[in-house]
Structure formats: structure tokens, C-alpha cells
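Asker: Sharing a model prediction with you, sequence too.
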Amino acid sequence: MTDTAVKGPGSGKKKRGFFGAIGLFLAQVVQELRKVVSPTRSELINYWLVVLAFVVLVMVIVGLLDGLFGQLSIWTFTRPKEV
């Protein structure tokens, strides 16, 4: 058996009011924002280039699919020319 006592729901921290909860939340937000480290110039340029390359890749893929489905719909819904 363990010697640890089971704590009831009211034996922990004091219950905060609505504005106390908001104040605690804002204090925790500020505390977490102090941990943020800004990227160096070279890291920022590297991240920017990676994002730019990914956006261009997605644009090319979407453009190719758009052209393919456009041609497919034209081929499907038009009548062939009769000679």
C-alpha cells in the first residue's frame, strides 16, 4: 500500500474568478512569448526560400491539374466535328 493520501477536488488551488482566470491566461501567454527565439537572418532567408519553392510547386501542380481537367471536360462534353 502507498502512504499517499487522495486529495479531494477542493483541496488543491484556490478557485479563481472569471477575471482571475483571464489574468492567469495573459500572464502565461507573456511567459511563453519570452521563450520565443527569433531566427537569424540566414535562417529567415532559408525559410523564405523553402516556402517560396513550395508555393511555386503547388501552383504548378494546380495549374497542370486545371489544364488536364479542363481538356478532359472539353473532350467529354463536346461533339466531335463531322466531316
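Answerer: The structure has been received and is ready for your questions.
Asker: Show the model's pLDDT score for the residue most central in space within the chain.
Answerer: For the chain, Val51 is the residue whose C-alpha lies nearest the centre (CA atoms, centre = their mean; 13.9 Å). Looking at Val51, its pLDDT reads 99.
Asker: name the element it belongs to?
Answerer: helix 41-77 (DSSP states H and E).
Asker: same deal with Ile22?
Answerer: helix 18-33.
Asker: one step back: the residue nearest to the centre of the chain and Leu33, how far apart?
Answerer: Look at Val51 and Leu33: by CB to CB, to the nearest Å, they are 23 Å apart. In short, each C-beta sits where N, CA and C put it, glycine included.
Asker: What of Thr40?
Answerer: Going from Thr40 to Leu33 by CB to CB gives 19 Å.
Asker: cool, and Ser42?
Answerer: 24 Å.
Asker: next one: Glu43
Answerer: Taking CB to CB, one finds Glu43 at 19 Å from Leu33.
Asker: try Asn46
Answerer: If you measure Asn46 against Leu33 using CB to CB, the figure is 24 Å.
Asker: Pick out whichever of those two has more residues nearby.
Answerer: It is Asn46, of Asn46 and Leu33, that has more neighbours when counted by other CB atoms under 10 Å, with 12 against 8.
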